[in-house]
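Engineer: Just a sequence and a predicted model for now, questions to come.
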Amino acid sequence: MAARVTIGELARRLDISTAAVSYALNGQSGVSEETRQRVRALAQELGYHPSSSARALSRARSGAIGVVLTRAPQQIGVEPYYMQVLAGMEMVLAESEMSLLLRVVDAAPGNDLEVYRRWSAERRVDGVVLFDEREDDARFGLLESLGLPAVLQGGPVRGAERYVPPDDAGSARLILGHLRELGHREVLHVGGFGQFMHERRRWRYISAEAQRQQMRACHVASDYTLEGGLEATTTMLSGPDRPTAVIYSNDLMAIGGLRAAQAAGVSIPGELALLSWDDSLLCTISQPAITAVDRHPLAYGRRTAQVLLDVIEGRESTVEPEPVNELRARATTVATRPA
């Protein structure tokens with residue numbers, strides 16, 4: 001008896017995604033007419049017949065994945081990290097002829113949950129990518145009850161079954177190792193919102209690595225904005241105990257910190273070294289250019305989207321290898337005062 005022809009076999013022969021084959025066979029949008037005709041012709045040639053359960057599942061597909069960001073729209077528009085991650089996700093989705101549905105809401109409790117409920121009721125998305133995990137995060141339980149596949153970009157965290165974690169430990173080693181080689185012993189971390197688990201995790205790694213390197217590390221919270229970095233740095237510079245280096249949780253805060261130091265007449269990097277946890281074009285064109293960690297957000301976005309597509313299609317993970325974080329040493333750390 002001949003083996004039953006599957007969607008996977010059609011996809012392999014045509015060198016397209018299984019999602020594209022499904023859309024073509026079921027008359028859904030998301031594929032070109034040429035692709036639709038190729039799929040149907042091969043299906044007829046090979047005698048492909050979908051099962052009743054497969055037909056029922058395919059009719060429920062929307063051809064889109066969703067992202068809800070709980071940040072101010074103005075902030076999303078100027079924060080390069082998110083734009084790079086979303087661009088990486090879009091690259092993978094385009095290959096599968098799927099689309100990205102983005103919604104930006106303020107951080108008031110429940111706003112994002114309502115979006116997920118509405119998307120599920122209207123069958124707007126086939127799955128979602130989550131950002132900014134919190135302690136006792138209500139999204140995980142809600143999405144499970146809705147039957148909506150979800151992948152967290154971050155983690156590990158309680159409640160998240162599927163996640164794509166960043167190499168925060170590696171970033172901490174790169175940054176603290178670089179500063180230790182330059183003779184620094186006292187470091188300040190200007191972090192983002194404390195309710196986000198990734199911020200707490202980041203600080204734990206920085207603190208542990210500083211202890212291992214026999215350095216002293218302190219932490220203050222800010223809000224991921226240029227103004228937040230400027231304010232935190234101004235406050236630090238007016239205090240009695242200045243660190244010799246400051247690590248900012250993103251590029252915008254690092255630029256704000258640089259402006260505060262320059263306004264106070266502090267020599268960079270002679271009196272104070274500055275680093276950003278996230279690299280971007282802003283870090284390279286800043287004067288002086290800011291040392292930063294390249295966490296490869298484009299590739300991170302690609303990996304996250306691929307994991308979600310694998311979950312949606314019920315297949316084994318096919319994600320590409322995780323790139324290794326790299327420190328981009330620039331003018332804000334090239335020298336230091338004697339230890």
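Structural biologist: Thanks, I have it.

Engineer: What segments of this structure are strands?
Structural biologist: Along the chain, counting by DSSP state E, strands occupy 64-69, 99-104, 127-130, 150-153, 163-164, 186-191, 216-221, 245-248, 273-276, 291-294, 326-328.

Engineer: ok, the last one: who's next to it in the sheet?
Structural biologist: Within its sheet, and counting by DSSP bridges, strand 326-328 is paired with strand 291-294 (antiparallel).

Engineer: so where's the stretch 201-339 of the chain shaky on pLDDT?
Structural biologist: Along the stretch 201-339 of the chain, segments meeting pLDDT under 70 span 318-320, 335-339.

Engineer: sorry, back to before: JSON lines please, covering the strands of the chain and showing distance to Gly257 and mean neighbour count.
Structural biologist: (Glycine included, C-beta is placed from N, CA and C.) Converted to JSON lines, these look like this (distance: least, Cβ to Cβ, whole Å; neighbours: other Cβ atoms under 10 Å):
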{"stretch": "strand 64-69", "distance to Gly257": "24", "mean neighbour count": "22"}
{"stretch": "strand 99-104", "distance to Gly257": "26", "mean neighbour count": "16"}
{"stretch": "strand 127-130", "distance to Gly257": "29", "mean neighbour count": "24"}
{"stretch": "strand 150-153", "distance to Gly257": "26", "mean neighbour count": "25"}
{"stretch": "strand 163-164", "distance to Gly257": "29", "mean neighbour count": "19"}
{"stretch": "strand 186-191", "distance to Gly257": "7", "mean neighbour count": "23"}
{"stretch": "strand 216-221", "distance to Gly257": "11", "mean neighbour count": "16"}
{"stretch": "strand 245-248", "distance to Gly257": "6", "mean neighbour count": "30"}
{"stretch": "strand 273-276", "distance to Gly257": "6", "mean neighbour count": "29"}
{"stretch": "strand 291-294", "distance to Gly257": "12", "mean neighbour count": "24"}
{"stretch": "strand 326-328", "distance to Gly257": "17", "mean neighbour count": "17"}
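
Engineer: Can you lay out the ones you listed as a markdown table showing distance to Leu14?
Structural biologist: Output for the strands of the chain, formatted as a markdown table (distance: least, Cβ to Cβ, whole Å):
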| stretch | distance to Leu14 |
| --- | --- |
| strand 64-69 | 22 |
| strand 99-104 | 21 |
| strand 127-130 | 24 |
| strand 150-153 | 26 |
| strand 163-164 | 28 |
| strand 186-191 | 48 |
| strand 216-221 | 52 |
| strand 245-248 | 48 |
| strand 273-276 | 44 |
| strand 291-294 | 36 |
| strand 326-328 | 37 |
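
Engineer: Gly177: which of those is closest?
Structural biologist: Judged by Cβ to Cβ, the one of the strands of the chain that comes nearest to Gly177 is strand 326-328, at 8.3 Å.
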